[in-house]
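Enquirer: Sharing a sequence plus its predicted fold:
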Amino acid sequence: MTQPLRIALAGLGTVGAGMVTILQTHAELITARAGREIRLVAVSARSRTKDRGVDLSGFDWEDDPVALARRDDVDLLVEVMGGEDGTARVATETALAAGKHVVTANKAMMARHGTRLAALAEEKGVSLRYEAAVAGGIPIVKALTEGMAANGMTRVLGVMNGTCNYILTEMERTGGAYADILADAQRLGYAEADPTFDVGGFDAAQKLALLSATAFGTEVDYDAIQIEGIERVTLTDIRHAREMGYAIKLLGVAALTPDGVEQRMQPCLVPDHSPLGQLEGVTNMVVLEGDFIGRTVYQGPGAGAGPTASAVMADVIDIARGAKVPSFGVPARMLSAPQRSGLAAPAPYYLRLGLADRPGTLARVADALGRAGISIDRMRQIQHETDEAPVLIVTHACARADLDRALADIMTMDVTTAEPVAYRIEPV
Ligand SMILES: NC(=O)c1ccc[n+]([C@@H]2O[C@H](COP(=O)([O-])OP(=O)(O)OC[C@H]3O[C@@H](n4cnc5c(N)ncnc54)[C@H](O)[C@@H]3O)[C@@H](O)[C@H]2O)c1
Ligand SMILES: N[C@@H](CCO)C(=O)O
Ligand code: NA
């Protein structure tokens with residue numbers, strides 16, 4: 001009989017308690033599927049006495065997660081404490097250095113230190129896995145590292161933050177104010193402790209950095225991501241975009257371009273009939289495009305106890321089975337230094353301009369766009385009772401730099417009554 005895989009659990013919050021629940025609910029099923037028993041030996045968290053709704057009486061307690069990580073009777077550390085640096089990172093390094101596998105849900109740590117930690121794991125001949133860190137329960141790292149392993153990847157994109165998608169879809173559905181709906185998302189447990197990480201795009205960008213490294217075989221390059229959150233998206237634009245046939249999403253895109261990898265996290269428009277355009281509420285969706293397979297789409301819960309713990313346990317079961325999948329799809333020493341492409345591929349843009357309602361205004365705007373080489377695909381002037389005429393324009397594909405030049409030009413003409421709004425329309 002194969003020896004049990006002995007695991008230690010650092011962190012007993014949403015994800016950690018969820019993992020104990022799965023392990024206790026499905027003990028037999030998991031043993032059968034893993035081919036050996038997965039035995040939780042010891043746990044650690046900040047409070048020993050807190051009631052977490054799970055029975056911890058059968059496990060040793062360690063006050064210090066780093067001491068937990070170096071226990072002789074442990075083969076694998078599950079790190080679900082969180083935090084980019086500090087105890088989570090020290091415990092992870094300690095476990096890897098001691099020749100123990102690590103499974104983590106910590107996107108902040110992996111986005112910052114993932115390359116180095118993966119190299120340490122390989123040096124020690126153990127696995128470092130992080131499925132739960134990217135789009136929670138969706139098996140997206142597995143899809144990329146295993147299912148797509150024979151493909152050259154061309155683009156990875158998606159909605160990777162449930163809170164933002166919830167806010168954008170609820171604003172449209174209810175007409176409610178941004179701040180009220182964000183408060184709902186916090187109450188419902190979707191948002192990070194500091195929701196700036198959600199609405200500012202940083203949480204989703206950490207996930208994108210991990211997918212991008214895995215897709216393109218580069219070192220994790222979080223700092224290269226151009227990040228813009230949803231704080232400035234208004235109900236007006238959500239509704240006008242819909243009138244023009246689009247939905248606004250906080251979209252992460254990592255794409256292979258002729259001069260390197262382009263990584264962006266920003267509000268974009270997508271066609272409202274596309275799978276991404278139809279995505280409602282806290283659900284995540286990731287699209288993987290490979291040169292031989294074409295486009296594949298993955299949808300599911302990106303957060304919450306059950307989904308996230310499900311992904312953690314899937315990694316643990318894989319390791320128990322003896323699977324040896326490199327953290328980022330290729331051995332860490334083969335990851336190339338990232339070649340950053342700062343230029344987004346040309347795309348159509350949605351523009352909303354508040355124009356002074358005077359003869360010749362529209363002609364001057366069209367002329368400025370024309371001089372920048374930008375062609376108008378569609379245009380609509382919204383009915384208005386004031387001196388400001390709201391005009392919506394969808395351009396043909398153009399470079400962002402050309403668009404910025406045209407918009408700067410328009411701003412000097414004294415024809416606009418407000419700062420123009422421009423959103424990229426991502427081809428999906
Ligand atoms: N909650 C989710 O839906 C979700 C989804 C995907 C990924 N994650 C990631 O999973 C990790 C855990 O998230 P969570 O929501 O379960 O967090 P949580 O705040 O609910 O739980 C954190 C746990 O870690 C313990 N802990 C934290 N710092 C510690 C320290 N220094 N020493 C000892 N114990 C410490 C806390 O006591 C607590 O038990 C984070 O990295 C998070 O980004 C969470
Ligand atoms: N706050 C995150 C949780 C998962 O990272 C979200 O809203 O998607
Ligand atoms: Na996942």
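Expert: Nice, thanks for sending it over. Ligands and ions are numbered 1, 2, ... in the order given.
Enquirer: switch to C-alpha atoms for all contacts and neighbour counts from now on
Expert: Will do.
Enquirer: how about the helices in this protein?
Expert: The residue ranges that make up the helices of the chain, judged by DSSP state H, are 14-25, 27-34, 65-69, 87-97, 107-124, 140-142, 162-174, 178-187, 196-199, 202-216, 235-243, 305-321, 361-371, 400-411.
Enquirer: What residues does the protein have near ligand 2?
Expert: Taking CA under 6 Å from any ligand atom as the test, the list of the chain residues beside ligand 2 reads 161-163, 190-192, 198, 302-303.
Enquirer: for the closest residue to ligand 3 within the stretch 301-428 of the chain, what are its contacts?
Expert: Checking the stretch 301-428 of the chain residue by residue against ligand 3 with CA to the ion singles out Ala311 as nearest, at 6.0 Å. The neighbours of Ala311, taking CA atoms under 8 Å, 6 or more residues apart in numbering as the test, are 131-132, 136-139.
Enquirer: So for Pro348, which of the helices of the chain sits nearest?
Expert: Using CA to CA as the measure, helix 400-411 is the one of the helices of the chain that comes nearest Pro348, at 9.3 Å.
Enquirer: what helices or strands is the closest one leaning on?
Expert: helix 361-371 (3 or more CA pairs under 8 Å, 6 or more residues apart in numbering; DSSP states H and E).
Enquirer: what mean pLDDT does the helix it packs on have?
Expert: Helix 361-371 shows an average pLDDT of 94 in the prediction.
Enquirer: Which residues belonging to that helix are considered buried?
Expert: Under the neighbour-count criterion of 16 or more other CA atoms under 10 Å, helix 361-371 has 361-362, 365-369 buried.
Enquirer: Check stretch 45-52 too.
Expert: Of the residues in stretch 45-52, those buried under the neighbour-count criterion (16+ other CA under 10 Å) are Ala45.
Enquirer: check whether that stretch contacts ligand 1.
Expert: Yes. Residues of stretch 45-52 contacting ligand 1 under CA under 6 Å from any ligand atom: 45-47.
Enquirer: Let me have these in TSV, extended by distance to ligand 3 and pLDDT.
Expert: Compiled in TSV, those are given as follows (distance: CA to the ion, whole Å; pLDDT from 0 to 100):
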residue	distance to ligand 3	pLDDT
Ala45	23	98
Arg46	26	97
Ser47	28	97
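Enquirer: mind giving me the domain ranges of the chain?
Expert: Taking automatic domain parsing as the domain assignment, the ranges for the chain are 5-133, 140-301, 349-425.
Enquirer: Show me the shaky parts of the stretch 251-400 of the chain.
Expert: Nowhere does the stretch 251-400 of the chain drop to pLDDT under 70.
Enquirer: go again using 90 as the cut-off
Expert: Segments of the stretch 251-400 of the chain classed as low confidence (criterion: pLDDT under 90) are 258-259, 303-304, 337-345, 355-361, 381-390.
Enquirer: got it, and the stretch 51-200 of the chain?
Expert: Along the stretch 51-200 of the chain, segments meeting pLDDT under 90 span 185-193.
Enquirer: Among the residues of stretch 45-52 next to ligand 1, which ones are in strands?
Expert: Secondary-structure check on those using DSSP state E: no residue lies within strands.
Enquirer: The residue of the stretch 1-150 of the chain found nearest ligand 2: how many residues sit nearby?
Expert: For the stretch 1-150 of the chain and ligand 2, the shortest gap (CA to the nearest ligand atom) falls at Gly136, measuring 6.3 Å. Gly136 sits with 29 neighbouring residues when counted by other CA atoms under 10 Å.
Enquirer: Double-check it against Pro301; I have them as touching.
Expert: Yes. Here Gly136 lies in contact with Pro301, judged by CA atoms under 8 Å, at a distance of 6.5 Å.
Enquirer: Common neighbours of these two, please.
Expert: Residues touching both Gly136 and Pro301 comprise Pro307, with contact defined as CA under 8 Å, 6+ apart.
Enquirer: Tell me the bridge partners for the residue nearest to Ile227 when sequence neighbours are not counted.
Expert: Distances taken as CA to CA, 6 or more residues apart in numbering place Met265 nearest to Ile227, at 4.8 Å, with adjacent residues excluded. The partner list for Met265 in beta bridges (DSSP bridges) reads Ile227, Gly252.
Enquirer: Next up, the contacts around Met265.
Expert: By CA under 8 Å, 6+ apart, the residues touching Met265 are 201, 204-205, 225-229, 250-253.
Enquirer: Then Arg36?
Expert: For Arg36, the contacting residues are 1-5, 320-321, taking CA under 8 Å, 6+ apart as the criterion.
Enquirer: sorry, back to before: for Val270, state which of the contacts of Ala311 is nearest.
Expert: Each of the contacts of Ala311 was checked against Val270 using CA to CA; the closest is Ile138, at 21.5 Å.
Enquirer: How about the residues of the chain by ligand 3?
Expert: Contact residues, the chain versus ligand 3 (CA under 5 Å from the ion): 131-132, 134-139.
Enquirer: now the domains of the chain as JSON lines including distance to Phe328?
Expert: As requested, those are arranged in JSON lines below (distance: least, CA to CA, whole Å):
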{"stretch": "domain 5-133", "distance to Phe328": "8"}
{"stretch": "domain 140-301", "distance to Phe328": "5"}
{"stretch": "domain 349-425", "distance to Phe328": "29"}
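Enquirer: among the ones you listed, which is nearest Gly342?
Expert: Among these, if distance is taken as CA to CA, the winner is domain 140-301, at 6.3 Å.
Enquirer: now that closest one, how far from the centre of its chain.
Expert: For domain 140-301, the distance from its own C-alpha centre to the chain's C-alpha centre is 6 Å (CA atoms, centre = their mean, to the nearest Å).
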